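[1] This is the structure alone, sequence omitted:
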C-alpha cells in the first residue's frame, strides 16, 4: 500500500468512526504526503459524508405494503448526522488554507456574489466552502446563510447590485424556493442584471432550463469555474451596452 493510500485509509477509518480528534490530524497527514486538498475534499471527505448520511433510519427499498421498514442495523440516527457534520467541519478547517492557495488570484475574477442555502434547507457546509473558494478567487462574497427566503435573496440582490446570485439546495422539498427567487427577480425588474448559479444535491444540470437559471455547479471546483465564466459573459454584455 502506498503512503498516500494508507493516509486515505486511516482518515476514512477515523471519519467513519466519527473521531473528531483524529480526523483533523489525519487530514494534515494526508496533505503532507502530497494528496491534493481539493481532491481530498471532493472525492473523499464529501463522498464519505454522503454515503453515511444516505443510510436513512427507514429502509424504503424493502418496504412492506408501501410502508418503509425501520432499519435494525447500520441506520443513521440524528446524533450520527450531527457528529458527521462536526467531523467534516473539523477536516474542512484544516483544508481551507490549502484550498485558498490553489485558487488562482485574478483581478478579472472580481465580482459581487450573494450566496446562500434556500428556505427549507439547513445544509451549510458545501455552500460555505464555495463561498470561501469564490472569495479566495477575488470575488466579493456575502454569505447570507441557510434557510433563506426568496425575498431575502431578492432584497440582497437589489441592495448590493450583485453580479451573481448563488443558490444552494440539498433537499428536494426546498427546491421551489429557487424558482421563487427567479420569479421575484423578474417582478422587480433586475433578473437581466445578474447571473444565477445553482448547486447542492437537489439541483441538477437540467434545472437550469426548468428553473430559469444560468449555470449549475456540480462540485466546488465547478462552481468556481462556472462563476468565472458567468463574470466573463457579464463583462462582455456590459461592454456592448
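    Arrived safely, thanks for sending. This structure is a prediction, so every number in the text was calculated from the model and none was measured.

[2] how does this protein divide up, domain by domain?
    Following automatic domain parsing, one finds the domains of the chain at 3-101, 106-240.

[3] Deepest-packed of these, please.
    domain 106-240 (a mean of 18; mean count of other CB atoms under 10 Å). All C-beta spots, glycine's among them, are computed from the backbone N, C-alpha and C.

[4] so how far is it from its chain's centroid?
    Relative to its chain's centre, domain 106-240 lies at 11 Å (CA atoms, centre = their mean, to the nearest Å).

[5] now the domains of the chain as JSON lines including mean pLDDT?
    Formatted as JSON lines, those follow (pLDDT from 0 to 100):
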{"stretch": "domain 3-101", "mean pLDDT": "78"}
{"stretch": "domain 106-240", "mean pLDDT": "91"}
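
[6] any residues touching the helix or strand encompassing residue 7, and which ones?
    Per DSSP states H and E, residue 7 falls inside helix 3-16. Residues outside helix 3-16 that contact it (CB atoms under 8 Å, 6 or more residues apart in numbering): 1, 22-23, 26-27, 29-30, 33-35, 40, 44-45, 48-49, 52, 87, 91.

[7] One more: stretch 25-34?
    Contacts to stretch 25-34, defined as CB under 8 Å, 6+ apart, come from residues 3-4, 7-8, 10-11, 14, 37, 40, 45, 91, 94-95, 98.

[8] which stretches of the protein form helices?
    For the chain, the helices defined by DSSP state H cover 3-16, 22-32, 37-40, 46-53, 78-102, 125-136, 150-160, 176-187, 207-211, 220-240.

[9] list the helices and strands the longest one packs on?
    When contacts are defined as 3 or more CB pairs under 8 Å, 6 or more residues apart in numbering; DSSP states H and E, helix 78-102 packs onto helix 3-16, helix 22-32, helix 37-40, helix 46-53, helix 125-136.

[10] how big is the angle separating that helix from helix 46-53?
    Counting by axes from the mean of the first three to the mean of the last three CA atoms, to 10 degrees, helix 78-102 lies at 170 degrees to helix 46-53.

[11] that older thread, roughly how far is the helix holding residue 7 from the heart of the chain?
    That offset, for helix 3-16, works out to 23 Å (CA atoms, centre = their mean).

[12] Report the angle between that helix and helix 22-32.
    Computed by the same axes, to 10 degrees, the angle separating helix 3-16 from helix 22-32 equals 160 degrees.

[13] For residue 44, which residues are in contact?
    Per CB under 8 Å, 6+ apart, neighbours of residue 44: 8, 11-12.

[14] quick one: residue 113 and residue 202, what's the gap?
    20 Å (CB to CB, to the nearest Å).

[15] before we move on, back to that, and the helices of the chain: which comes nearest residue 119?
    For the helices of the chain, the distance to residue 119 is smallest for helix 176-187, at 4.6 Å, taking CB to CB.

[16] elements contacting the closest one?
    helix 150-160, strand 164-168, strand 195-199, helix 207-211.

[17] Next, the angle strand 195-199 makes with that helix.
    Using the same axes, to 10 degrees: helix 176-187 against strand 195-199 is 180 degrees.
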